[in-house]
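*Asks:* Got a predicted structure here, sequence first:
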Amino acid sequence: MAVIAIFSGSYCGGDDIASGIAEKLGYDYIENEILEKTAKKHSIQVSKLEKTLHGPTPFFNRLTREREKFAAYLQTTLAEEIQKDNLVVHGFNTLLLPDTIPHVLRVCIIADLKYRVNNAVKTDRISEKDADNLIRKFDSKSFQWSQFVKGLSPWDEELYDILYPMQDSSVEQAVENIIKNAQKDAVKTTDKSKTAARDFLLASQVNEVLIDKYSNLEVECADGHVTVLINKFIQRLEQRKKEIEETAVTVPDIKEITVKVGPKFHVPSIYPTDNFELPQKVLLVDDEKEFVHTLSERLQSRSLESAVVYDGEEALDFVEGEEPEVMVLDLKMPGIDGIEVLRKVKQSHPNVEVIILTGHGSDREQQLAEDLGAFAYLQKPVDIDKLSDTMKQAYKKIKDSQDSR
């Protein structure tokens, strides 16, 4: 029998429809379990996994590629789950399924805004304005995820076998109609469709082992034969091909593997260079907005990219979400001051190296900052070369510590 994959808008009855189908057919029903299993397997907090995947793009994602890595982990878990038949899958995760598995019926449950607002008002006993805001927030999150995974709107017909409008139906009718479609010969499990499901799992497993080391790879699989496409220029191409192949073949059940350049690969006119002495994740914290933006621009001219926040509370929130390597921290700020930020950061994230940069410090504060673990204590106005050298030294300390482990 089919695997039924349901993506739904908020307040469209998607939960009731998915659980109703599973109950009537006697199918297993999974939703949050995929996220939970992925988080457990990779020792990631569920909240962090969900925020990284379905929230705004993390600031440092260009460097950390956490969203791409987490999506690869999630896809492997999903691919493992759909190896069994008689299954209803519901939620954002279903957009990770390809259209190459014939016995997967892809369904979208949606309704017009009026229906959804009325449903929200009735269900949650909230105002129409609050309902409208909730729905728009959910749709924004859905759109960001769909764009990231598929490059399309989440309501695009291309993504689904069935696009079901709830303003014209009841939950019971939707359940019956989807079951009727799931029982058609076109979506019955066959040897060919099982092979396609196994190929999806194999491609996902290969992608997962590669994604920690390499970016811009595309993995395809047909009847156990894996092809890895390199879609971005890399130096020492033949050596990298060999390394990719050696990493990929650690995945069991591969019959054959081919690594080659993909259609997006091109050699740039100027070869990129990497400076491994510079921290890649820098946070500047200062309530003087003009000063900190000027500082960020001057550091950028020295190939030091940085994020900027303007007070202690923002700094602590930022560190929790996206741990920087080096933080440049002012002392005198409204609300939580620099000393308290330093204290909390070193308690919860001891690997972050903190450089104090202040125009109002004292010998007592300097001693306190050093006792709390500050890497350096600098006075404004600071020589930009001295600051960048201090940041390099702080990063060297981090790298030396990592190497020693």
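*Replies:* Nice, thanks for sending it over.
*Asks:* where does the stretch 51-200 of the chain dip in pLDDT?
*Replies:* Scanning the stretch 51-200 of the chain for pLDDT under 70 picks out nothing.
*Asks:* where do the helices sit along it?
*Replies:* Per DSSP state H, counting those that start in this stretch, the stretch 51-200 of the chain carries helices over the ranges 61-64, 66-81, 113-124, 128-149, 171-182, 191-211.
*Asks:* out of these, nearest to residue 283?
*Replies:* In terms of Cβ to Cβ, the element of the helices of the stretch 51-200 of the chain nearest to residue 283 is helix 61-64, at 12.7 Å. For the C-beta atoms, the positions are set from N, CA and C on the backbone; glycine is no exception.
*Asks:* how about the closest one: buried residues?
*Replies:* Buried residues in helix 61-64, counting neighbours by 16 or more other Cβ atoms under 10 Å, are found at residue 64.
*Asks:* Identify whichever of the helices of the stretch 51-200 of the chain lies nearest to residue 4.
*Replies:* helix 171-182 (5.4 Å).
*Asks:* nearest to residue 303, of the helices of the stretch 51-200 of the chain?
*Replies:* Per Cβ to Cβ, nearest to residue 303 of the helices of the stretch 51-200 of the chain: helix 61-64, 12.9 Å.
*Asks:* how far out from the middle of the chain is that closest one?
*Replies:* Computed by Cα atoms, centre = their mean, to the nearest Å, the chain-centroid distance of helix 61-64 equals 10 Å.
*Asks:* So which residues make contact with that helix?
*Replies:* 58, 67-68, 280-281, 322 (Cβ atoms under 8 Å, 6 or more residues apart in numbering).
*Asks:* Checking residue 351 next. Helix, strand or coil?
*Replies:* Put simply, residue 351 is coil when judged by DSSP: H, G, I helix; E, B strand; the rest coil.
*Asks:* Thought residue 398 was touching it, still the case?
*Replies:* Yes: judged on Cβ atoms under 8 Å, residue 351 makes contact with residue 398 at a distance of 6.6 Å.
*Asks:* I'd guess residue 218 is in a strand, am I close?
*Replies:* Yes: using three-state DSSP, the assignment for residue 218 is a strand.
*Asks:* And the contacts of helix 61-64, which is closest to residue 108?
*Replies:* residue 67 (22.9 Å).
*Asks:* got the contact list for the residue most central in space within the chain?
*Replies:* A centroid search over the chain (Cα atoms, centre = their mean) returns residue 67, at 2.1 Å, as the residue closest to the centre. By Cβ under 8 Å, 6+ apart, residue 67 lies in contact with 52-53, 57-58, 61, 148.
*Asks:* could you dump those residues to CSV with distance to residue 11?
*Replies:* Converted to CSV, those look like this (distance: Cβ to Cβ, whole Å):
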residue, distance to residue 11
52, 25
53, 22
57, 26
58, 28
61, 30
148, 23
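*Asks:* Would you mind checking those for buried ones?
*Replies:* For the contacts of residue 67, a neighbour count by 16+ other Cβ under 10 Å gives the buried set as 52-53, 58.
*Asks:* Tell me which of those fall in strands.
*Replies:* Applying DSSP state E to the buried ones among the contacts of residue 67, no entry is found in strands.
*Asks:* Nearest to residue 128, out of the residues you listed: which one, please.
*Replies:* residue 53 (30.1 Å).
*Asks:* If we ignore the residues flanking it in sequence, what's nearest the closest one?
*Replies:* Excluding its sequence neighbours, the residue lying closest to residue 53 (Cβ to Cβ, 6 or more residues apart in numbering) is residue 70, at 5.4 Å.
*Asks:* do the same with residue 27
*Replies:* Nearest one to residue 27, counting by Cβ to Cβ, 6+ apart, is residue 86 at 4.6 Å.
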